[in-house]
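Take this sequence and fold it.
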Amino acid sequence: MRIVLLAVGTRMPAWVTEGFSEYQKRMPPDMRMVLEEIPMPKRGKGDSANQIRTEADALRKRLDKYPSAKTVALEVNGRALDTHALSRKLGELKDVGQDLILLVGGPDGLCPQLSASAQERWSLSNLTLPHPLVRVLLAEQLYRGWTLLTGHPYHR
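Coordinates of the predicted model:
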């Protein structure tokens, strides 16, 4: 099983890259976590609608590489999962051998049509989180979910 984080934005601060990489390397080979960065288009004044559509087009092109994967949009208004529920979802996908694609938008979020086309919408928090921080937070929670599945003592 692969867990693919499709995230808008490149050239993250070192702490983001290091934080994500730390949890990425902890994941086992049978639940590999991959980050695919989508370059953010140039921003213009009052151009957020065009920006979001351009980002959505780039995300859709990447999604074409994973036709049978479960697609989840990360949204503030998505379904809140606790750690145990996330762990169960990971276990179910692993049992059927299905990849998981997680969509993370840029500063203006995801295109509503792209979000609506995802099979599920999850929320990491009711708070609005900066998209670089989402990468680290998500990687840690995915690792924590795996440790619950395997009985690893990380989650106490």
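
and the longest helix seen in the chain, which residues are buried?
In the chain, assigned by DSSP state H, the helix with the most residues is helix 131-150. For helix 131-150, burial by neighbour count (16 or more other C-beta atoms under 10 Å) applies to 131-132, 134-148. All C-beta atoms are positioned from the backbone trio N, CA, C, and that covers glycine.

and if you look at stretch 49-56?
For stretch 49-56, using 16+ other C-beta under 10 Å, the buried residues are 51, 52, 54, 55, 56.

can I get those in JSON lines with distance to residue 107 and pLDDT?
Below are these laid out as JSON lines (distance: C-beta to C-beta, whole Å; pLDDT from 0 to 100):
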{"residue": "51", "distance to residue 107": "9", "pLDDT": "85"}
{"residue": "52", "distance to residue 107": "10", "pLDDT": "88"}
{"residue": "54", "distance to residue 107": "13", "pLDDT": "90"}
{"residue": "55", "distance to residue 107": "10", "pLDDT": "92"}
{"residue": "56", "distance to residue 107": "14", "pLDDT": "94"}
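
so what's residue 38 bridging to?
residue 8 (DSSP bridges).

Let the chain start at 3 from now.
All right, first residue 3 from here; so that's residue 40.

what sits against it?
For residue 40, the contacting residues are 8, 9, 10, 11, 12, 57, 60, 61, 64, by C-beta atoms under 8 Å, 6 or more residues apart in numbering.

A strand includes residue 37, no?
Yes: counting by DSSP: H, G, I helix; E, B strand; the rest coil, one finds residue 37 located in a strand.

Look up how far residue 25 lies from it.
11 Å (C-beta to C-beta, to the nearest Å).

Over to residue 36?
Counting by C-beta to C-beta, the gap from residue 36 to residue 25 is 12 Å.
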